[in-house]
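**Student:** okay, sequence plus prediction incoming.
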Amino acid sequence: MWLRKIFARRDPEDEPTDAEQDEDDIDALMEMAFKAAAKGDYATAIGVWRPLAREKWPRAQSNLGACYAEGLGVPRDLEKAARLFRAAAKQGDAIGQRNLATLHFKGEGGIEQNDEKAAELFELAAEQGDAAAQDMLSWMKLEGQGIDYDPVEAREWALAAAEQGVASSMTRLGLIAHNALGMDRDAEEAARWWYEAARRGEADGQAMLGAALHLGAGVEQDDRAAMIWLLRAEHGGSALSAPFINAVRAALSADDRAMAEAAAQKPLAPLEQNR
């Protein structure tokens with residue numbers, strides 16, 4: 001009833017059923033809460049999610065659990081987060097499944113560390129289209145951690161995540177193509193994926209693109225461009241730049257080094273302008 005006090009019906013001659021109205025009202029509330037959280041207004045978001053979570057709405061349970069897991073608007077409490085994630089996951093909520101899988105993977109929140117259980121939950125979420133779960137499942141299949149090693153399926157899940165813009169999966173697709181994991185080696189495909197990851201700010205993708213440019217692997221050899229991407233990767237914390245950056249620096253003139261260093265300090269162009 002409290003939902004109907006917030007959302008008045010517009011057309012009394014074409015009223016939805018009570019169940020449809022409740023669902024529409026809750027969708028509107030969830031959207032309002034999501035927008036509030038995106039602006040950093042967690043008090044408003046939690047004010048919506050908490051009563052809905054008590055009513056066992058799974059996405060509200062997942063979102064409230066994430067607030068407890070990260071300490072957003074509430075004191076950080078991983079055990080409370082775990083209870084909420086478990087409740088949401090039991091109802092088939094993909095985000096709840098993914099977040100519970102993460103706790104199993106890390107062994108946090110009173111949840112036992114269990115790679116097999118983590119992989120099982122990541123797969124359930126991935127099958128529902130959750131991009132972060134697809135990315136993690138791809139990594140686990142490529143590493144053979146908690147699940148059978150399968151580079152072909154690892155690539156398929158990485159492709160699914162990359163289609164949703166997950167840059168770490170783009171970097172992994174480049175590595176799969178470069179190392180001929182479950183496919184023929186394709187240096188050009190590797191470089192294309194590393195470029196897509198790099199322009200999204202993924203540090204390992206930037207390092208691998210820099211290495212490819214230095215070696216002329218799948219792209220035209222260009223040490224100045226290589227230096228720009230390797231410096232960006234180093235600033236982003238990627239250890240993958242270390243084996244190449246000194247060799248590239250030594251290959252450049254002082255002027256080219258200075259130009260590369262200045263370019264690396266500039267922000268990346270927005271994606272729609274960087275094609």
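**Tutor:** On my side now, so go ahead. Source: prediction; values computed, not measured.

**Student:** any weak-confidence spans in this structure?
**Tutor:** Residues of the chain meeting the criterion pLDDT under 70: 1-22, 273-275.

**Student:** spatially central residue for it, please.
**Tutor:** Centroid-nearest residue in the chain: Ala132, 4.3 Å away (criterion: CA atoms, centre = their mean).

**Student:** which residues sit in contact with that one?
**Tutor:** Arg98, Ala161, Val166 (CB atoms under 8 Å, 6 or more residues apart in numbering). For glycine as for every other residue, the C-beta is placed from the backbone atoms N, C-alpha and C.

**Student:** among those residues, name the buried ones.
**Tutor:** Buried members of those, scored by 16 or more other CB atoms under 10 Å, are Arg98, Ala161, Val166.

**Student:** can you tell me how far the residue nearest to the centre of the chain is from Asp222?
**Tutor:** Separation of Ala132 from Asp222 (CB to CB, to the nearest Å) stands at 34 Å.

**Student:** export the buried ones among the contacts of Ala132 to CSV and tack on distance to Leu52?
**Tutor:** CSV is the format used below for these (distance: CB to CB, whole Å):
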residue, distance to Leu52
Arg98, 19
Ala161, 28
Val166, 28
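
**Student:** now, among the residues you listed, which is nearest to Ala198?
**Tutor:** Comparing the buried ones among the contacts of Ala132 against Ala198 with CB to CB places Val166 closest, at 14.0 Å.

**Student:** how close does the closest one sit to Glu196?
**Tutor:** Applying CB to CB to Val166 and Glu196 gives a distance of 11 Å.

**Student:** then Ala118?
**Tutor:** 27 Å.

**Student:** these two: which has the busier surroundings?
**Tutor:** Ala118 (26 against 21; other CB atoms under 10 Å).

**Student:** show me where the stretch 1-150 of the chain has its strands.
**Tutor:** For the stretch 1-150 of the chain, no strands are identified by DSSP state E, counting those that start in this stretch.

**Student:** which stretches of it form helices?
**Tutor:** Using DSSP state H, counting those that start in this stretch, the helices of the stretch 1-150 of the chain run over residues 2-6, 18-38, 42-54, 58-70, 78-90, 94-106, 115-127, 131-143.

**Student:** just the stretch 151-275 of the chain next, same as before
**Tutor:** 151-162, 167-178, 187-198, 203-215, 223-235, 242-251, 254-265.

**Student:** ok and the second one relative to helix 187-198, angle-wise?
**Tutor:** What it means is helix 167-178. Interaxial angle of helix 167-178 relative to helix 187-198 (axes from the mean of the first three to the mean of the last three CA atoms, to 10 degrees): 170 degrees.

**Student:** relative to helix 203-215, how tilted is helix 167-178?
**Tutor:** 40 degrees.

**Student:** just checking, what packs against helix 167-178?
**Tutor:** helix 131-143, helix 151-162, helix 187-198, helix 203-215 (3 or more CB pairs under 8 Å, 6 or more residues apart in numbering; DSSP states H and E).

**Student:** buried deepest among the ones you listed, which one?
**Tutor:** Most buried of the helices and strands packed on helix 167-178, by mean neighbour count (mean count of other CB atoms under 10 Å): helix 203-215, with a mean of 26.

**Student:** for Val219, what are its contacts?
**Tutor:** Contacts of Val219 (CB under 8 Å, 6+ apart): Glu188, Ala191, Ala212, Leu213.

**Student:** disregarding flanking residues, what is the spatial nearest neighbour of the last one?
**Tutor:** Think Leu213. Excluding the flanking residues, the one nearest Leu213 by CB to CB, 6 or more residues apart in numbering is Ala226, at 3.7 Å.

**Student:** just give me the neighbour total for the one you found.
**Tutor:** Neighbourhood size, Ala226 [other CB under 10 Å]: 28.
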